[in-house]
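Participant: Sequence plus predicted model, see below.
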Amino acid sequence: MYLADSDYAVDLIGRKGGKSNLVIHQLVDVLAPFYRDGRHIPDLLSPRPDVAVDPSVRGGEPVIRGTRVPAAEVAALIRDGIPPEQIADFFPGVNAGAALDATDFTDYVDSYTGTPTGAGAGASRGAA
């Protein structure tokens, strides 16, 4: 699977005529939100309004949008009892809303791994 503009598609199979190419033009469709087993799976590049996943930033680890601050680190502070409004004391680029988004998304991920979420302030924002 690869993403290519149809004008620049390359026949990787080597068939003559190039008519047998299968190119997925909209790879982003694979990353779009969907439902599985009754659970909503969020957009995999933008799982929450203030959380982003970009392979070029921290190797694709979820971060606070516009920063390199890992969402899991922000969530850990919230779980340790730091009020969302005080997260900026630790990470100046992170506001309370972003901290809650990070906690909500981390709680969501942890629901799949079995990791205890603790009090998790993100629960008040709703799950995916």
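Facilitator: Thanks, I have the structure now. Numbers count the residues shown, from 1 in each chain.
Participant: what stretches of the chain score poorly on pLDDT?
Facilitator: Applying pLDDT under 70 to the chain flags the ranges 1-30, 115-128.
Participant: Now the longest helix seen in the chain: buried residues?
Facilitator: In the chain, taking DSSP state H as the definition, the longest helix is helix 96-113. Residues of helix 96-113 classed as buried: 98-110 (neighbour count, 16 or more other CB atoms under 10 Å). Backbone N, C-alpha and C define where each C-beta goes, glycine included.
Participant: Including distance to residue 70, could those residues go into a markdown table?
Facilitator: Formatted as a markdown table, these follow (distance: CB to CB, whole Å):
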| residue | distance to residue 70 |
| --- | --- |
| 98 | 12 |
| 99 | 12 |
| 100 | 15 |
| 101 | 13 |
| 102 | 8 |
| 103 | 12 |
| 104 | 15 |
| 105 | 11 |
| 106 | 9 |
| 107 | 15 |
| 108 | 15 |
| 109 | 12 |
| 110 | 14 |
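Participant: before we move on, the earlier item: with only the CA atoms kept, save the longest helix of the chain in CSV.
Facilitator: Extracted in CSV, the C-alpha atoms of helix 96-113 (Å, rounded to 0.1, in the frame of the first residue of the first chain):
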residue,chain,number,x,y,z
ALA,A,96,-6.2,23.0,30.5
GLY,A,97,-8.4,21.9,27.6
ALA,A,98,-5.4,20.2,25.9
ALA,A,99,-4.5,18.5,29.2
LEU,A,100,-8.0,17.1,29.5
ASP,A,101,-7.9,15.9,25.9
ALA,A,102,-4.6,14.2,26.6
THR,A,103,-6.0,12.5,29.6
ASP,A,104,-9.1,11.5,27.8
PHE,A,105,-7.2,9.9,24.9
THR,A,106,-4.7,8.2,27.2
ASP,A,107,-7.6,6.7,29.2
TYR,A,108,-9.1,5.5,25.9
VAL,A,109,-5.8,3.9,24.9
ASP,A,110,-5.3,2.4,28.3
SER,A,111,-8.8,0.8,28.1
TYR,A,112,-7.4,-1.4,25.4
THR,A,113,-4.2,-2.3,27.2
